[in-house]
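**Q** Need the 3D shape of this:
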Amino acid sequence: MLLVGVGAALAAERVALPRVTLLVLAGIVAGDLLPAAAEQWYPMASAVALMFVGFLLGARFRLSELKAHGFEIISIAIAKVVVSAVVVGIGLINGRKSAIVAPSTLNIIPAEFERAQLAL
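**A** Numbering: from 1, shown residues only. Model prediction:
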C-alpha cells in the first residue's frame, strides 16, 4: 500500500492533477485490493495519513502569509463551519420529518404507530 502511495505521488508530478487527488484514488484502489483482515489497520493508517497531510501543509505555510491574509483565512474558515452546520442541521430536520419508523422499534401497537407517523 505504501508503494501505491509513493507511485501516486510520483505520478502527480507528471500530470496536471493535485497530489492529494491521485493519493485518494490510489487509496480507493488499494483499499479494494486489501483483504478484510486489513481493516484493523485503518485507524492507524488514517492517523498516519492525517499526520502526513498536516506536515505537508505546515511545510508550505509561512507566518508572513498568516499576517498578510489572516483575516481572510479566519473568515473563510468560520464561513465553512457555519455553512456546514446549517446544511447538516437542515438535513437532520428534513430527515426526521420524512423518517419512517418501524413499529417494533417504537415498542407500541400498530394503531399508535399510525398516530405517531401522522404526528411527524
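**Q** Low-confidence regions, this protein specifically.
**A** Judged by pLDDT under 70, the chain has its weakly predicted residues at 1, 96-120.
**Q** so where's the longest helix in it?
**A** When every helix of the chain is counted residue by residue (DSSP state H), the longest turns out to be helix 63-98.
**Q** Please tell me how far that one is from the chain's geometric centre.
**A** 14 Å (C-alpha atoms, centre = their mean, to the nearest Å).
**Q** Give me the neighbour count for residue 43.
**A** The tally of other residues near residue 43 (other C-beta atoms under 10 Å) stands at 9. Any C-beta I mention is one placed from the backbone N, CA and C, and that applies to glycine too.
**Q** Just say helix, strand or coil for it.
**A** Put simply, residue 43 is helix when judged by DSSP: H, G, I helix; E, B strand; the rest coil.
**Q** And it, how far from residue 49?
**A** Residue 43 sits 11 Å away from residue 49, going by C-beta to C-beta, to the nearest Å.
**Q** do residue 92 as well
**A** 29 Å.
**Q** the more surrounded of the two?
**A** Neighbour totals were compared for residue 92 and residue 49, and residue 49 leads with 13 against 10 (other C-beta under 10 Å).
**Q** what sits against residue 21?
**A** By C-beta atoms under 8 Å, 6 or more residues apart in numbering, residue 21 lies in contact with residue 12.
**Q** rerun that using 7 Å as the cut-off
**A** Listed by C-beta atoms under 7 Å, 6 or more residues apart in numbering, the contact set of residue 21 is empty.
**Q** so which strand or helix has it?
**A** For residue 21, the element it lies in under DSSP states H and E is helix 19-33.
**Q** Okay then, goodbye and thanks.
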